[in-house]
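> Take this sequence and fold it.
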Amino acid sequence: MSMGETIAPFVGRVILAWFFLAEAYDRTINWDATISLLDMEGVPFPPIMHFVALTVLVLASVSLIIGLRARIGALGLFAFVAVSNIFMNDYWNITDVIERQNAAEAFARNLALGGGLLVLMGLGPGRFAIED
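Numbers count the residues shown, from 1 in each chain. Model prediction:
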């Protein structure tokens with residue numbers, strides 16, 4: 001196994017986890033603003049859904065970093081990305097052309113992130129993991 005095949009999956013897992021942990025941190029310190037945003041977007045039970053989302057983000061990210069049940073962690077993060085993308089980037093409902101384009105770009109970026117998580121689910125965490 002080459003160095004890239006050995007190291008790349010671990011580094012990729014850490015980068016993905018870092019992204020989601022940074023998001024969880026930001027959403028935690030801006031709790032009230034996030035609740036207001038969720039309410040404006042029509043998310044049911046905003047405080048409960050926010051708490052559930054933060055729990056998924058943190059637990060799944062830790063699972064990616066240490067490689068313990070990383071496929072399940074990737075699935076949890078994929079579910080988070082898919083659901084939040086539909087609620088928070090509903091560009092098809094935006095009439096302003098510039099706002100719609102920005103939301104569509106964010107939607108596409110999140111799809112790409114979800115694609116990376118699906119690859120991780122399919123191929124597994126790689127060599128530097130507690131379990132495959």
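
> now for the helix or strand containing residue 109, which elements pack on it?
Element membership of residue 109, judged by DSSP states H and E, is helix 97-123. Other elements packing on helix 97-123 under the criterion 3 or more Cβ pairs under 8 Å, 6 or more residues apart in numbering; DSSP states H and E are helix 3-29, helix 70-88. All C-beta spots, glycine's among them, are computed from the backbone N, C-alpha and C.

> same question for stretch 18-33, mean pLDDT?
Average pLDDT, stretch 18-33: 97.

> ok, now stretch 114-128?
92.

> Next: stretch 67-74.
On average, the pLDDT along stretch 67-74 is 95.

> again with stretch 50-61
Average pLDDT, stretch 50-61: 97.

> can you dump the C-alpha coordinates of that stretch into CSV?
Output of stretch 50-61 as CSV, limited to C-alpha atoms (Å, rounded to 0.1, in the frame of the first residue of the first chain):
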residue,chain,number,x,y,z
HIS,A,50,-30.7,22.3,16.5
PHE,A,51,-29.7,20.2,19.5
VAL,A,52,-30.1,17.0,17.5
ALA,A,53,-28.1,18.5,14.6
LEU,A,54,-25.3,19.6,17.0
THR,A,55,-25.2,16.1,18.6
VAL,A,56,-25.0,14.4,15.2
LEU,A,57,-22.3,16.8,14.0
VAL,A,58,-20.1,16.3,17.1
LEU,A,59,-20.5,12.5,17.5
ALA,A,60,-20.2,11.8,13.8
SER,A,61,-17.1,14.0,13.5
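
> from the helices and strands packed on helix 97-123, which stretch is densest packed?
Ranked by mean neighbour count, these are led by helix 70-88 with a mean of 19 (mean count of other Cβ atoms under 10 Å).

> Tell me the gap between that one and the middle of its chain.
In terms of Cα atoms, centre = their mean, to the nearest Å, the centre of helix 70-88 is set 5 Å apart from its chain centre.

> for that helix, packing partners?
Right, helix 70-88 is packed against helix 3-29, helix 46-66, helix 97-123 by 3+ Cβ pairs under 8 Å, 6+ apart.

> contact partners of that helix?
The contact list for helix 70-88 (Cβ atoms under 8 Å, 6 or more residues apart in numbering) reads 13, 16, 20, 37-38, 41-43, 53, 56-57, 59-64, 107, 110-111, 113-114, 117-118, 120-121, 124-125, 129.
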